[in-house]
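*Asks:* Predicted model and sequence follow; I will ask about them next.
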Amino acid sequence: MKLTRAQFKEDFLAEIKTLYATDLSDTSALNQFIALGHLVRRYDGSNWKQTGDRYRQHDDKQVYYFSIEFLPGRLLKSNLLNLGLLDTVRQGLTELGLDFAAISAAEPDPGLGNGGLGRLAACYMDSMASLGIAGNGNGIRYRYGLFKQVFMDGYQVELPDDWLRNGNVWEIRRENKACLVRFGGNVWMQPQPDGSLKAISENTDDVWAVPYDVGMVGYHNDVTNTLRLWSAELPPSADNTTFSQARRDRIDDITKVLYPDDSNSEGQALRLRQEYFFSSAGVQSIIRHFGLHHQGVKELANKIAIHINDTHPTLVIPEMMRLLMDEHHCSWEVAWALTTQVMSYTNHTIMQEALETWPIEMFKGLLPRLYQIVAEIDRRYRVAKTPIFGEELVNRTAPLGNGQVRMAFLAVIGSHSVNGVAPLHTELLKEDVLRDLYQVYPERFNNKTNGIATRRWVQLANEPLANLIDSKIGSTWRQQPNELKTLTAYQHDAKFLKQLMAVKVQNKAALAAYIKQTLGIDIRTDAIFDVQIKRLHAYKRQLLHVFEIIREYLAIKDQPEAVEPARVHIFGAKAAPSYHYAKSIIKLINALADLVNHDPAIGDRLKVAFIPNYGVSLGELIIPAADVSEQISTASKEASGTSNMKLMANGAVSLATLDGANIDIIEAAGEANEYAFGLTAKAVYGYYQRGDYQAADFYNADPELKRILDTLIDGTIPGISTEGREIYDSLLKYNDEFFVLADYESYVQQQRQIAHDYEDQTQWQGKALANIAASGVFSADLAVARYSDDIWQVPHAKLGQ
Ligand code: GL7
């Protein structure tokens, strides 16, 4: 949009005056952020309204992306960028004597997700708006986000994240669109005059679902879509006499906190309540909105696509069936045909423990009508498939089995499309995790490799790099990320590579300043910034990275005169509060950091910085400064990964196992520009099949590795007597579930190669450039375009290939 600096300043000062009844000099950065937020809302208001009007007038097919997590990050800068106002506002504020960086930093970063899954959902919202797709998000407005992580004596301590303390400028509470979600009670079938039966629910525990809408602003296209987050409240009719305190608390709890667990299913009734709550409210609001503009439900599948992001929203399937049958008088057959045409499902993990199941007794008690519907889906599935596939396969794959409701199976059976998030992952779904269902529905399975929002992760997070790219290839890449590949022409342009290095050093200095301020550690900007940022999980193998640090530490102690480039090992990782082993690894890293950082013999040659409270905003600071991207999960375990893509786009080289999307990154950038190592997924499965993995053999065969492992229990690293023993035993006594020892040698070999290659900065920056140039294929815009073409069947703006 068009806005002059003078107009902006006038608007801003007026907003400050209206909101705070005081002078600018008397306001805080937070006040200024809130005033700016209001202004941006005002500037974008007509776009947001007109987008909705246009969709209605054209009767565009709507996509609804259901996700129990969204990690949007701070929105001020990204909204300004997308509206084309970033420079005007920044300069205007500077002219008013204000600090734009401090104002943006005052915005709370909503932690409504755990990690990659939630961030992916947010990237896709941004891309849907930017491609002009009629895309809507549907999720939960958690009162408290993912916990705030602090370290005390090296241990993780979790504090509440009260992100709504000062309200949320971006949201609109739409109580006029609230609906009731019913739990419990009993159901009986009431005979109807036409001979049919109607399900009547009685004595239900009712919850009032109130939507809060947040605008998702498209890039330079006047489109603003809606992310709808639901909040659980007391029904308006309730008074003190009808609602006990216990019942009020039960309602309050539904949207109070995000489950702080990323790769485990929670055997908790509350989690099931959360899942049904936002699934039901979302589907009710979709059908109501659809009903305002259409006669009957015949057109439903042409006008609506519902996407199930991981199994958490799977209950949209039986909920859609319930609404179509109980409220719109459809037969089972009609309702089922519509439902399966509307629904599609993405699987995000092969970890068995993450495949959600609910005990039937619990499910039945909490959701009696939905249980009847799931049981009928199960019955019909068995009747239809047993003659073709036999009883055994059908028993293994039916929605109900072993006393459980099996959510992933229900999702596959009730959808027309099932996708994995990287080619290897999709293959493993077909061959292993969902092998039986792949027999039944081969045509449903497809791959959609993940992507990232280049706007946030390069244009905003790394402005110096974005500007440098513009200076070489112009700015079309900002809308067509694939244009980045034209940068390949400069891979041997020494001058350009120098400029690239200067950008990296500038970003490293910004991160170094933050590390100094938060951790008190001095780091050199000419050191290799070796970065691992992701949830703390045994399969992600932060432990392997730790072994490298111990190796480097011992090497300097042994040979103080040896010259290698200086290194800084940077970690960001939260552990699920109940994940004991992951917390022990946090303690180990912090203890090791203490030892290394304070050893005078080490000096500034080796530093370890575990930055607390990793999240989207810290990612924006760390990623542009990285030289090495650690993507070292046990092959087959990481479905895709997305930090690997963000780091690549910012010119970090990958030190990576052949897992998830690492494989595709290595292929895109070229093997010579990455550092691959380790067992392949096939080799890992080979060990499983033969059952002949012996971690101790690796320990016994390699004196260097043995020495490193022994430091866990011999007092070399002070303060970890219990954690060290626990980790040591996990490797040797319990045989190293994630093959850390098997991969040690090839990992270290690549680490040595990195140290060697880094010395030649021209060559190194050439590799960095190759990564940036190849990163366009991992843009979320392209990924979303593929979802639109193949799954949702909706039009989108054209993208260069
Ligand atoms: C994840 C996968 O672990 C991760 O590899 C993938 O990139 C991401 C998005 O597809 O989804 N699955 C999951 O449960 N979490 C993930 O990050 C939390």
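*Replies:* Arrived safely.
*Asks:* so how far is the ligand from the residue nearest to residue 428 when sequence neighbours are not counted?
*Replies:* Distance criterion C-beta to C-beta, 6 or more residues apart in numbering; nearest residue to residue 428, sequence neighbours excluded, is residue 350 at 5.3 Å. For glycine as for every other residue, the C-beta is placed from the backbone atoms N, C-alpha and C. For residue 350, the distance to the ligand (C-beta to the nearest ligand atom, to the nearest Å) stands at 9 Å.
*Asks:* right, and residue 350 touches residue 430 too?
*Replies:* No: Residue 350 is not in contact with residue 430 according to C-beta atoms under 8 Å; the separation is 11.1 Å.
*Asks:* Can you name the residues that contact the residue nearest to residue 428?
*Replies:* 425, 428, 429, 432, 433, 636, 637, 639 (C-beta atoms under 8 Å, 6 or more residues apart in numbering).
*Asks:* Provide a list of residues in contact with the residue lying closest to the third one once chain neighbours are set aside.
*Replies:* I take that to be residue 429. Distance criterion C-beta to C-beta, 6+ apart; nearest residue to residue 429, sequence neighbours excluded, is residue 420 at 4.8 Å. Residue 420 makes contacts with 346, 347, 426, 427, 428, 429, 445, 447, 448, 639, as judged by C-beta under 8 Å, 6+ apart.
*Asks:* Now, the residues you listed that are in helices?
*Replies:* When DSSP state H defines the helices, the subset of the contacts of residue 420 inside them is 426, 427, 428.
*Asks:* Checking my notes, residue 788 in a helix, right?
*Replies:* Yes: per DSSP: H, G, I helix; E, B strand; the rest coil, residue 788 lies within a helix segment.
*Asks:* any idea how far it is from residue 781?
*Replies:* 10 Å (C-beta to C-beta, to the nearest Å).
*Asks:* who has more neighbours, these two?
*Replies:* Taking other C-beta atoms under 10 Å, residue 788 and residue 781 do not tie; residue 781 has more neighbours (28 against 21).
*Asks:* Okay, now the unreliable bits of this protein?
*Replies:* By pLDDT under 70, the weakly predicted segments of the chain are 239-240, 263, 800-801.
*Asks:* Mind telling me which residue of it is nearest the ligand?
*Replies:* Residue nearest to the ligand within the chain (C-beta to the nearest ligand atom): residue 116, separated by 2.8 Å.
*Asks:* Get me the contact residues on the protein for the ligand.
*Replies:* 114-117, 120, 262-263, 348-349, 354, 421, 450, 638-642, 660 (C-beta under 6 Å from any ligand atom).
*Asks:* before we move on, back to that, how about CSV for the contacts of residue 420, with distance to residue 411 added?
*Replies:* What follows is the contacts of residue 420, written out as CSV (distance: C-beta to C-beta, whole Å):
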residue, distance to residue 411
346, 9
347, 8
426, 15
427, 19
428, 17
429, 12
445, 13
447, 17
448, 15
639, 15
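*Asks:* and those as TSV, adding neighbour count?
*Replies:* Below are those laid out as TSV (neighbours: other C-beta atoms under 10 Å):
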residue	neighbour count
346	26
347	26
426	22
427	15
428	22
429	25
445	19
447	17
448	20
639	30
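*Asks:* what's the helix or strand for the residue sitting furthest away from the middle of the chain?
*Replies:* Relative to the centre of the chain, and counting by C-alpha atoms, centre = their mean, the farthest-placed residue is residue 193 at 50.4 Å. Here residue 193 is covered by no helix or strand, with elements defined by DSSP states H and E.
*Asks:* Spatially nearest residue to residue 564 (excluding sequence neighbours)?
*Replies:* residue 755 (5.0 Å).
*Asks:* again with residue 3
*Replies:* residue 88 (5.5 Å).
*Asks:* ok, and what's touching the strand or helix carrying the one you found?
*Replies:* If you go by DSSP H and E, residue 88 is part of helix 86-95. Contact partners of helix 86-95, identified using C-beta under 8 Å, 6+ apart, comprise 3, 4, 5, 8, 9, 12, 36, 77, 80, 99, 100, 103.
*Asks:* Quick check: the gap between residue 83 and residue 49.
*Replies:* Distance from residue 83 to residue 49, by C-beta to C-beta: 15 Å.
*Asks:* Show me which of those two is the more surrounded one.
*Replies:* Set side by side, residue 83 and residue 49 show more neighbours around residue 83, with 22 against 11, by other C-beta under 10 Å.
*Asks:* from memory the more buried one sits against residue 43, does it?
*Replies:* Yes: between residue 83 and residue 43 there is a contact under C-beta under 8 Å: 6.3 Å.
*Asks:* what about the strands in the stretch 451-600 of the chain?
*Replies:* 528-533, 567-572 (DSSP state E, counting those that start in this stretch).
*Asks:* swap in the stretch 51-200 of the chain?
*Replies:* Counting by DSSP E, counting those that start in this stretch, the strands of the stretch 51-200 of the chain are 62-66, 135-140, 145-152, 155-161, 171-173, 179-183, 186-191, 197-202.
*Asks:* Which other helices and strands does the longest strand anywhere in the chain contact?
*Replies:* Secondary structure of the chain per DSSP state E: the longest strand is strand 205-217. Counting contacts by 3 or more C-beta pairs under 8 Å, 6 or more residues apart in numbering; DSSP states H and E, strand 205-217 is packed against helix 29-58, helix 76-83, helix 116-130, strand 171-173, strand 179-183, strand 224-233, helix 245-254, helix 269-293.
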